[in-house]
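A.B. asks: Sequence plus predicted model, see below.
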Amino acid sequence: MKIIVTHVPAGSGHEKAAEAVCAALKEQAPSAEIILLNALDGMSPWYQWSFTQGYLDMIHRHPQLWGAAYHSLDMRGLAWAAYKLHRISNASHGKTLETILERYRPDVVIGTHFFPMEVASYLKMKGRIQARLITVITDFLPHSVWISPGIDRYAVASSWTREELLRRGVAEERIQITGIPIHPKFARKGNRAELVEKLGLRPDLWTVLIGAGGFGTGPVAELVETFSLIREPLQILVVTGKNTALLRHLEAARERLAHHAVTLYGFVDNVDELMDVSDLMATKPGGLSCAEAMAKGLPLLLTSPIPGQESRNARLLEGAGIALQAGRMAEIPKQIETLSRDPARLQTMADLGRKASFPEAARTVARMAAP
């Protein structure tokens, strides 16, 4: 059996979900030929930039414009037009991906981003490939761009995702609730005392983990600096991802937070351990980050959502009692102080998140690839 697992590096979540599915496939089907494919490989530098740095620049500099476009193209009356537009764009720029799919002739294509799955869907509808197509939706509520006529199965984050797809006309038998694929290490709870010692942290302080995603996006510096207004000493762990400029800025600003114990990290591969030693995580509401924290039973304070997919995630998770949305920056210190004094509420948030999580999601998606 030949399986392609494909993603696009628009943010880190799509790639991490694809890697988790690949690992599960290698575990469950060791004789299968499995390829992890960045769907942008071989395409024009401009097109690759538009999906990666161009996207990050847009959501950072013009988030409201991004949100307006996101919601407009998801309106019932415009969804058909949006599909036609991205079909035209993909037909123009997706020739390399079309060639790879036709030459390799996979039995199964699993995608964690809508772009490669729309291209694969088009080829299947034209009879140019015969692969089973599985789209893995990596947010809690879908956009119309995830829906294509040739997709055989949709692996979705939750019952909320399933209901929304049904409302949009996707047949029930094509939808399976799997959760968002995450690394298996997020299903395991580490020993806090041992990890605190290993990481050289303070065991006596209430601990907040601030996540900025793999690319370190969002107003993280402004968020961290609001902690100077919190009088009670805290332990603050900040992960800046690949954003080295942000890391340097926070190093320079550290003295304004001298009454807190602040530890700064760049790009790390032990976020699971940092979650295990934390009492609260303040993060942008990306689908994968939230799924990881939910599996760990870590309460969430959701900050600065991108208008569109992240604002939807935030509203849904707050409505379910799993997370709290942060207010304006000036309000965040008070919210954190309130949460730190309310262990019962934090426990409820943790329990609800764990109950709604799917730590075995990657393995469930991998099983969908079986004939």
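C.D. replies: Happy to help now that I have it. What you see is a predicted model; the values in this text were computed from it and never measured.
A.B. asks: what's around Leu352, how many residues?
C.D. replies: 18 (other CB atoms under 10 Å). To be clear about C-beta, it is placed using only N, CA and C from the backbone, and glycine gets the same treatment.
A.B. asks: mind checking pLDDT for it?
C.D. replies: The model reports Leu352 with a pLDDT of 98.
A.B. asks: same check, this time on Ala79
C.D. replies: On pLDDT, Ala79 comes in at 69.
A.B. asks: shaky segments in the protein?
C.D. replies: 77, 79, 213-218, 371 (pLDDT under 70).
A.B. asks: can you list the domains in it?
C.D. replies: What automatic domain parsing lists as the domains of the chain is 2-181, 187-355.
A.B. asks: what about Leu133, neighbour count?
C.D. replies: Leu133: 22 neighbours (other CB under 10 Å).
A.B. asks: Now do the phi/psi pair for it.
C.D. replies: For Leu133, the backbone dihedrals (degrees, to the nearest 10) come out as phi -110, psi 130.
A.B. asks: okay but it is in contact with Gly150, surely?
C.D. replies: Yes: contact criterion CB atoms under 8 Å: Leu133 and Gly150 qualify, at 6.0 Å.
A.B. asks: Please enumerate the strands of the protein.
C.D. replies: 2-7, 33-38, 108-111, 132-136, 153-156, 175-177, 207-211, 235-239, 261-265, 280-283, 300-302, 323-325 (DSSP state E).
A.B. asks: Parallel or antiparallel, which strands does the fifth one pair with?
C.D. replies: Put plainly, it is strand 153-156. Here strand 153-156 has these sheet partners by DSSP bridges: strand 132-136 (parallel), strand 175-177 (parallel).
A.B. asks: Please work out which of those is packed deepest.
C.D. replies: Stretch with highest mean neighbour count among the strands paired with strand 153-156: strand 132-136 (a mean of 25; mean count of other CB atoms under 10 Å).
A.B. asks: mind checking how far the spatially most central residue of the chain is from Arg254?
C.D. replies: For the chain, the residue nearest the mean C-alpha position is Leu288 (2.9 Å; CA atoms, centre = their mean). Distance of Leu288 to Arg254, computed by CB to CB, to the nearest Å: 29 Å.
A.B. asks: Show residues contacting stretch 24-33.
C.D. replies: 1-3, 5, 34, 181, 362-363, 365-367, 369-370 (CB atoms under 8 Å, 6 or more residues apart in numbering).
A.B. asks: returning to that earlier point: not counting sequence-adjacent ones, nearest residue to the residue nearest to the centre of the chain?
C.D. replies: In space, and not counting its chain neighbours, Leu288 is closest to Gly13: 3.6 Å by CB to CB, 6 or more residues apart in numbering.
A.B. asks: Ok, Ile35 next?
C.D. replies: Ile4 (5.0 Å).
A.B. asks: In TSV: the strands of the chain, plus distance to Ala245.
C.D. replies: TSV is the format used below for the strands of the chain (distance: least, CB to CB, whole Å):
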stretch	distance to Ala245
strand 2-7	26
strand 33-38	25
strand 108-111	32
strand 132-136	32
strand 153-156	36
strand 175-177	40
strand 207-211	16
strand 235-239	14
strand 261-265	13
strand 280-283	19
strand 300-302	24
strand 323-325	27
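A.B. asks: of all these, which gets the most neighbours per residue?
C.D. replies: Mean neighbour count (mean count of other CB under 10 Å) peaks for strand 108-111 among the strands of the chain, with a mean of 29.
A.B. asks: That one: how far from the chain's middle?
C.D. replies: Chain-centre distance of strand 108-111: 18 Å, with CA atoms, centre = their mean, to the nearest Å.
A.B. asks: ditto for stretch 34-52
C.D. replies: 19 Å.
A.B. asks: for stretch 72-79, same thing?
C.D. replies: Using CA atoms, centre = their mean, the offset of stretch 72-79 from its chain centre is 23 Å.
A.B. asks: same question, stretch 42-57
C.D. replies: Mean-position distance between stretch 42-57 and its chain equals 19 Å (CA atoms, centre = their mean).
A.B. asks: Export it to CSV, keeping only CA atoms.
C.D. replies: What follows is stretch 42-57, C-alpha atoms only, in CSV (Å, rounded to 0.1, in the frame of the first residue of the first chain):
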residue,chain,number,x,y,z
GLY,A,42,8.5,22.4,-6.2
MET,A,43,6.2,25.3,-6.7
SER,A,44,7.1,28.8,-7.5
PRO,A,45,8.9,30.8,-4.7
TRP,A,46,6.1,33.4,-4.9
TYR,A,47,3.4,30.8,-4.3
GLN,A,48,5.3,29.2,-1.5
TRP,A,49,5.8,32.7,0.1
SER,A,50,2.1,33.5,-0.2
PHE,A,51,1.1,30.4,1.8
THR,A,52,3.8,30.8,4.5
GLN,A,53,5.3,34.2,5.1
GLY,A,54,2.6,36.0,3.2
TYR,A,55,-0.1,34.4,5.4
LEU,A,56,1.8,35.2,8.6
ASP,A,57,2.4,38.8,7.5
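A.B. asks: how about the strands of the chain, which one is nearest Ala82?
C.D. replies: Closest to Ala82 of the strands of the chain, according to CB to CB: strand 132-136, at 16.4 Å.
A.B. asks: List of residues touching stretch 38-54?
C.D. replies: Outside stretch 38-54, the residues that reach it (CB under 8 Å, 6+ apart) are 6-10, 15, 93-94, 96-97, 100, 111, 113, 115-116, 119.
A.B. asks: ok, now how distant is the nearest residue to Leu209 once chain neighbours are set aside from Asp272?
C.D. replies: Nearest non-adjacent residue to Leu209, counting by CB to CB, 6+ apart: Ser278, 4.0 Å away. Using CB to CB, we find Ser278 at a distance of 11 Å from Asp272.
A.B. asks: More neighbours: which of these two?
C.D. replies: For Ser278 versus Asp272, neighbours defined as other CB under 10 Å are more numerous around Ser278 (24 against 21).
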